[in-house]
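Chemist: pasting the sequence and the predicted coordinates here, then a few questions.
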Amino acid sequence: MSTAARTLLLFCAGAVAAAAACPPRHGARTTIGAAGEQLCAKHREPLQAVTVYGPGDGACVLVQQTKTARAARACSPNALPFAISRTRNALYSRAVAASYCKRCEAEVQAHAR
Ligand SMILES: [Zn+2]
């Protein structure tokens with residue numbers, strides 16, 4: 001086995017181990033804080049309200065997330081929805097109100113690369 005193949009194999013094994021380190025979450029995604037605010041059930045942090053953009057009318061966007069990103073999303077219950085854009089553009093033109101946990105989103109982004 002070549003050095004490059006071993007490196008790739010170790011990288012893949014590490015990615016699978018990282019994804020497996022965080023088991024999928026079950027149960028409620030959110031909880032209510034002492035002041036009545038909505039909190040991430042995993043991180044106990046307030047959710048952030050944000051406007052994101054989905055595909056406009058008549059647009060069909062075919063994208064697939066990586067296996068590690070899907071696993072990270074399964075254990076990060078309040079990440080931003082998949083297949084949206086944070087900026088409006090020609091393809092993603094429909095504004096959608098969303099709420100998310102910054103730490104959940106950071107976990108998903110760390111595995112999306
Ligand atoms: Zn969270």
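Modeler: All right, it came through fine.
Chemist: what is the subsequent helix or strand relative to the lowest-mean-pLDDT helix or strand in the chain?
Modeler: Within the chain, no helix or strand scores below helix 3-20, which has a mean of 43 by mean pLDDT, DSSP states H and E. Next along the chain after helix 3-20, taking DSSP states H and E as the criterion, comes strand 30-32.
Chemist: that following strand packs against which elements?
Modeler: In this structure, strand 30-32 makes packing contacts with strand 38-40, judged by 3 or more C-beta pairs under 8 Å, 6 or more residues apart in numbering; DSSP states H and E. Glycine gets a C-beta too; all of them are placed from N, C-alpha and C.
Chemist: ok now the strand it packs on, how far from the chain's centre?
Modeler: Centre-to-centre, strand 38-40 and its host chain are 16 Å apart (C-alpha atoms, centre = their mean, to the nearest Å).
Chemist: chain neighbours aside, what residue packs nearest to Pro77?
Modeler: Arg29 (4.0 Å; C-beta to C-beta, 6 or more residues apart in numbering).
Chemist: and for that neighbour, the neighbour number?
Modeler: Neighbours of Arg29 under the rule other C-beta atoms under 10 Å: 15.
Chemist: near the ion, which residues of the chain?
Modeler: Contact residues, the chain versus the ion (C-beta under 5 Å from the ion): 40, 42-43, 78, 101, 103-104.
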